[in-house]
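Chemist: The following block contains a protein sequence and its predicted model.
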Amino acid sequence: MSASGVVRVWDDDEGWGVIDSALTPGGCWTHFSSVLVGGFASLTAGQDVEFEFEAAKQDGFRYAAVAAWPADQDPVPRTEIEDSTALRSTLTLTFDEPGTSDPG
């Protein structure tokens, strides 16, 4: 379901906040991964937003956002966000064959 709302609180360090809207009594829990902006995924307390939400049980909230973006901006398509290296990293582990390591 879609709605307009206002960010009640946002914590960049923890990566989540709450959006208030008439359609989400008690607030809508919002994770940074649902914020559709370019660059650092963040919102600001008092900011007008558009968002999509679903019924959920998250940290005492009955609603959780599946997408949220500033009301004065178009949402950044998720494919553009997923193509960004800012949101992912890689790690490659290689192991020596048994008996071939240098005890050195």
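Modeler: Here it is on my side, so go on.

Chemist: CA atoms for contacts and neighbours, from now on please.
Modeler: OK.

Chemist: Would you agree A55 is in contact with A64?
Modeler: Yes - here A55 lies in contact with A64, judged by C-alpha atoms under 8 Å, at a distance of 6.4 Å.

Chemist: So for the two, which sits in the more crowded spot?
Modeler: More neighbours surround A64 than the other of A55 and A64, with 24 against 13 (other C-alpha atoms under 10 Å).

Chemist: is it fair to say that one lies in a helix?
Modeler: No - if the criterion is DSSP: H, G, I helix; E, B strand; the rest coil, then A64 is strand and not within a helix.

Chemist: Grab the nearest non-local neighbour of it.
Modeler: W29 (4.7 Å; C-alpha to C-alpha, 6 or more residues apart in numbering).

Chemist: what comes up buried for stretch 42-60?
Modeler: Using 16 or more other C-alpha atoms under 10 Å as the test for burial, stretch 42-60 gives 42-44, 47-53.

Chemist: sorry, that was for stretch 67-74
Modeler: Buried, per 16+ other C-alpha under 10 Å, within stretch 67-74: 67-70.

Chemist: Narrow these to those in strands?
Modeler: Within the buried residues of stretch 67-74, residues falling in strands by DSSP state E are 67-70.
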